[in-house]
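A.B. asks: need a structure here:
(chains A, B and C)
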Amino acid sequence: MSLITLIPLFPLIGFLINGIGFRHVPKSLAGIISSAAAFASFACALTLFLGFNGQPQIVHLFDWITVGTLNISMSFQLDQLSLLMLLIITGVGTLIHIYSIGYMSHDEGFGKFFAFLNLFLFFMLLLVMGSNYVVMFIGWEGVGLCSYLLIGFWNKNSNYGNAARKAFIMNRIGDLGFLLGIFLIINHFGSVEYSEVFSKIAEGGYSSGDKTLFYITILLFIGAMGKSAQIPLYTWLPDAMAGPTPVSALIHAATMVTAGIYMIIRSNIMYSLAPETLDIVAWVGLATALLAASIGLFQNDIKKVLAYSTVSQLGYMFMGLGVMAYSSSFFHVMTHAFFKALLFLGAGSVIHAMSDEQDIRSMGGLRKKLPITFITFLIATIAISGIPPFAGFFSKDEILAHVFEHNKLMWAFGVLGSIMTSFYMFRLLFLTFFGEFRGTEKQKHHLHESPIAMTAPLMILAVLSAIGGFFNFPHIFGGHASLAAFMEPLFEQSAIEHVAVDESLEITLMIVSVVAALLSAGVAYFIYVVKKTVPVAEGEETGLQKVIYNKYYIDELYDTLFVKPITALSNFFREVIEFLVIDLIVEGVGKLVKTLSSEVRLLQNGTTGYYIFAMVLSIAAILVWSLKSFLLG
Amino acid sequence: MTMLTDFGYILLFIIAAIVFVAVILFLAKLIRPNRPNEEKLTTYESGEEPDGNANVRFNIRFYVVALIFILFDVEIIFLFPWATVFGNKRLIAETDGLWGWFSLVEMFVFVGVLLIGLAYAWIKGHLDWVRPEVKTTEYESKIPTSLYDKINQKYSQ
Amino acid sequence: MNAIIALSLFGISNLFLGFLNNRKILLPATLVFILIALGLNFADWNHEYYWFNNMLKTNNLSVNFVTIILLSTFLVVAISRSFGDDDEHSHPAEYYAILLFSAVGAIMMVTFENLIMLFVGLEILSVSMYVLTGSDKRSLRSNEAALKYFLMGSFATGILLFGVALVYGATSSFDIHGIAQGVAKAKEQMGGAYGPLLYSGVILIMVGLLFKISAAPFHFWTPDVYDGAPSIFTAFMSTVVKTAGVAATYRILSISFPSVYGLWGNPLVYIVCATLIIGNITAVYQQSFKRMLAYSSISHAGYLLITVLAKRPETNSSLLFYSLAYAIATITAFAVLMVVSEAQAKNGKADESFEALNGLANNNPLLAFSLTISMLSLAGIPLTAGFFGKFFVFSDAFSNPSSLFKWILVIAILMSTVGIYYYFKPIIAAYMKKGEVAKIELSPLYKFILILTTTLTILLGLAPDLVKNIF
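C.D. replies: Alright, predicted model coming up:
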């Protein structure tokens, strides 16, 4: 058994142990087993990465379905893309597992939680390791399931259950698109293996703007919209914050939500030949980035802010994909995994200290009580705001530079988005960690720094957030862009135009965005630290602020547009169609069969003589019928 | 005149057999004296006096015995064609005598299989006309057997 | 093919083992015997051999069929629990011996190269089954079933023999390949036409075999006999006899008479449709689980015959897969039925009806789960072996260019939906109906067999290629 097969096997074993042995495996052991499983996978992935020779490897496990000429196998593909994803998933995953040991220590469903986390890891690994779209789809659905289970982890609260259901249903809409895309691929290429499909495209002489590729890519993108929370299917992600914070960090920030980006990078050959889709991807990404960032400006729930920030950052990544800056987008996936996981974990640490209080209006001045959390949170904030030399700066700037080449207007909007990002992130930071404590006395008394199991992952992630940018240090600063170079073979067959960016222009662009980010951070400082403004209480917002605070009423809009008509339609069906048509036909058929049965049954009357008579009669009938040509001459 | 097929020979055999039997019976009828009486007209049952109708239920054991009898009857019939092959001079000469041994052993195997069957039937007791039947009474006496033993002891002295 | 000899010897040694007065040794001994036979059977893999002067022939297809037959026999023996503890009235040594002998007959039916061997095999199997059907000597139903089966069975055997004689008359050969040549020669001589001798012969042979696999309208014996026979032997009948019968039908029709397809194909179309409709529709009304299974076995004969009729290159593997899936699921169902009806009979309740299963899941989760999986498999619900069985059968029919098959498919699919109705009855009874079945103690072997068959059913439903590639 090769290392490759071991990678998903470890979490699966962990899941089986913790899942089957839930309530029997002692708490202390459950966390260790799960974390060990995650770490073992990470170790395998790292070994593979270090020994990687640039050649994609495919490990064939077994043929899963063979229908006609279509053969769907269960096999894994190990190449640059899946390796990087593996490292991110297992690396960040391991840290979050360790963190969870501390965070969930008081929870009743401790073992269950770790079982789910491991199951999630297993499916996520399946998703990125599969060598064909169907295995990816299995992982895709599996992570959806785990996301559902973990959002609704505290299932005694029915609101959380509803949030889980919302996430599931929204994802199903996207999945439908993905599934149709796969069907179209099967129909058109007769295979789902990446290698076969892509080589067929490369050899097939498809011209840019091919209709089939357009449909395939747009359907796949719909899938990505659902999973990666893009307009119009993004509303589930903020609600998904109902789950435990490590879940938000792992699933709804670092890994699962980037599955859509992974999928598009994986299919980059098709996307590069479908410029219309790319445009849609870019504009949807931009719109999502702006919309989510603007909603983030006035949220008061610490996790909600981060959730909208995630949606917005995902928007950036899609924008990057839309302008064919695949490796830049992936770079952002990576750095985002570091700093967003860190932000969530830091938020978790704060929530932990505040006895499950999530409203930033009740916080303030926490930096003295939670020094490690504060410093790491600060690093992450700087990173996400795009201030050099931290990770976010490099990745976001690469995307923006590519966007600038593509469309200047888009770039301008992108910079606007990053201004907003910087603002809401610093707002969050200042409101949480600066000023006076605004919570109750009891909470104040309870304030404490988190245990080492929680702070250690924070520190590791902080280091990564700080230096993550150097994995792909750009040429203009004398770097080698090693990540881009590493990923180069993935895009060989893809028709990407390489436009050399003017160095001075690039530096100018960088300065513009950095200055903008710094300025808006300064504004935030002025408002929330110097003037000590505290956001108004619930229901007292006015004007635009109220609209934004209520997320542009988009949930309500969806409710009126989709949910209510469907409810009405379903009522109609239930009361009219079902009664008149279904009952009549279905029950009619049922009754008919039953009546027939009661009649036919009487043929079986128990008399041997009659049975033999019937047999003889049938034989005679068959003989007469077959021999009629002889009988009639 | 068409050639006779194998079926044709069989047909001829059947016809010949019927004709043969008919001719013999007819001849007998011509020659024999005809003096019937009551004793002669009763069914011949190996010298036993016939008693009642023959159309009654027979003891099931007749069937078992008959079955075993038929088995060995058939075995004997099988021995006839075997004997002609067994003594085939040409085959014996060709195989340097090995043929004889081979066919002999084969026949022993065949008879052996039947013997196993016979042995099974024997052990099962199908060949015993009167089976020893152990009647166990379900009645449980309230008087303990030790009491009887005591009485026996007392009066045997 | 040494399996035939070995099984015969094992059967005889079983008879003598019975004299040891130790009934506990019989069950493991028989299981070991069957395993040895299986091993000998596998030795024939990838060899094409003629045996006993061209009387039998083994190839991979026959090895696969023999494997299914021996596997079914193994499972049936494993759930037989030594036929109870009643020394006076049950004769385990003889029963096991007869089961082994009938397995020999079944093997001959799937490997015959000569019609004489078909006949001999069929008779060995049938006569054994007559005996086993009537083995519950004190039960009137069992006696009645045995007599009915014997009367009708011998009638059908007569018809088969008549057909063999007619075919011999037309082609002057008993050898199945020789018959094929004879048919071709006859065609040449008659200038493209065939005499009524061949016509009648082919149809009578087919009818004789269809009787054995209980296709309508020759199915009348099935419900009465299945219902009357002791459940364990019903399980054997509905799996081994059916598999052997279908294999024999397929063998002779596809090897000897492919050139006269229209001759047997046309009536077979109507027979298949009638079988599907009668089997499924009648099953709906049944109150007895066992009788429902009898009708279900009729309907499955219909599905199996579709592939025989479709005559595709994939027919071999579809037939094998379907037989395997069906056999495993049916034996599981009977295994559950047997213990439950026994437990209920002890309480003096109704024994073999659906009501006997009411509330089974409460105290006997394993039994209820196995029952559910087997029913789902028989109904052809995805993720069970039965689904892929049906899927392969239907895709065979679908890929046959004749438009007739579309209609057969329509009927088959409609009838499988009807099937879902009655296959869910036991599941509903076990899980949803109120009732009380006391905890039934199962022996470790019994549990193992239930888990094994259930796992196999699910496994084949998840990865049909595991065995489909072998077939």
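A.B. asks: please, where are all the helices along chain B?
C.D. replies: B:6-31, B:38-41, B:60-86, B:89-94, B:98-124, B:145-156 (DSSP state H).
A.B. asks: show me the one of these that comes nearest C:Leu253.
C.D. replies: Taking Cβ to Cβ, helix B:6-31 is the member of the helices of chain B nearest to C:Leu253, at 26.7 Å. C-beta: built from backbone N, CA, C; applies to glycine.
A.B. asks: by proximity to chain C, which residue of chain B wins?
C.D. replies: Nearest residue of chain B to chain C, counting by Cβ to the nearest Cβ: B:Tyr120, 5.4 Å away.
A.B. asks: sorry, back to before: out of the helices of chain B, which is the most enclosed?
C.D. replies: Of all these, helix B:98-124 has the most neighbours on average by mean count of other Cβ atoms under 10 Å in any protein chain shown, namely a mean of 14.
A.B. asks: now that one, how far from the chain's geometric center?
C.D. replies: Mean-position distance between helix B:98-124 and its chain equals 17 Å (Cα atoms, centre = their mean, to the nearest Å).
A.B. asks: and it, what other elements does it pack with?
C.D. replies: In this structure, helix B:98-124 makes packing contacts with helix B:60-86, helix B:89-94, helix C:2-17, judged by 3 or more Cβ pairs under 8 Å, 6 or more residues apart in numbering or on different chains; DSSP states H and E.
A.B. asks: of all the ones you listed, which one is nearest A:Leu278?
C.D. replies: helix C:2-17 (65.4 Å).
A.B. asks: chain A against chain C: which residues are in contact?
C.D. replies: Proximity of chain A to chain C (Cβ under 8 Å from any Cβ of the partner chain) is limited to residues A:62-67, A:590, A:593-594, A:596-598, A:600-601, A:603-604, A:606, A:608, A:610-612, A:614-615, A:618-619, A:622-623, A:625-627, A:630.
A.B. asks: so where's the chain shaky on pLDDT?
C.D. replies: Let's take chain A. Judged by pLDDT under 70, chain A has its weakly predicted residues at A:1, A:478-479, A:495-501, A:537-543, A:631-633.
A.B. asks: sorry, should have said chain C
C.D. replies: The low-confidence ranges in chain C, as defined by pLDDT under 70, are C:87-88, C:191-193, C:350.
A.B. asks: can you give me the strands in it?
C.D. replies: With strands called from DSSP state E, chain C shows them at C:49-51, C:56-58.
A.B. asks: and C:Ala368, how many neighbours?
C.D. replies: Look at C:Ala368: counted by other Cβ atoms under 10 Å in any protein chain shown, it has 23 neighbours.
A.B. asks: isn't it right next to C:Met432, touching?
C.D. replies: No - here C:Ala368 lies out of contact with C:Met432, judged by Cβ atoms under 8 Å, at a distance of 10.9 Å.
A.B. asks: on that earlier part again, ignoring the adjacent residues along the chain, who's closest to the residue of chain B closest to chain C?
C.D. replies: C:Leu15 (5.4 Å; Cβ to Cβ, 6 or more residues apart in numbering or on different chains).
A.B. asks: I'd guessed that neighbour sits against C:Tyr95; true?
C.D. replies: No - between C:Leu15 and C:Tyr95 there is no contact under Cβ under 8 Å: 10.6 Å.
A.B. asks: can you lay out the helices and strands packed on helix B:98-124 as JSON lines showing distance to A:Leu233?
C.D. replies: JSON lines is the format used below for the helices and strands packed on helix B:98-124 (distance: least, Cβ to Cβ, whole Å):
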{"stretch": "helix B:60-86", "distance to A:Leu233": "81"}
{"stretch": "helix B:89-94", "distance to A:Leu233": "89"}
{"stretch": "helix C:2-17", "distance to A:Leu233": "61"}
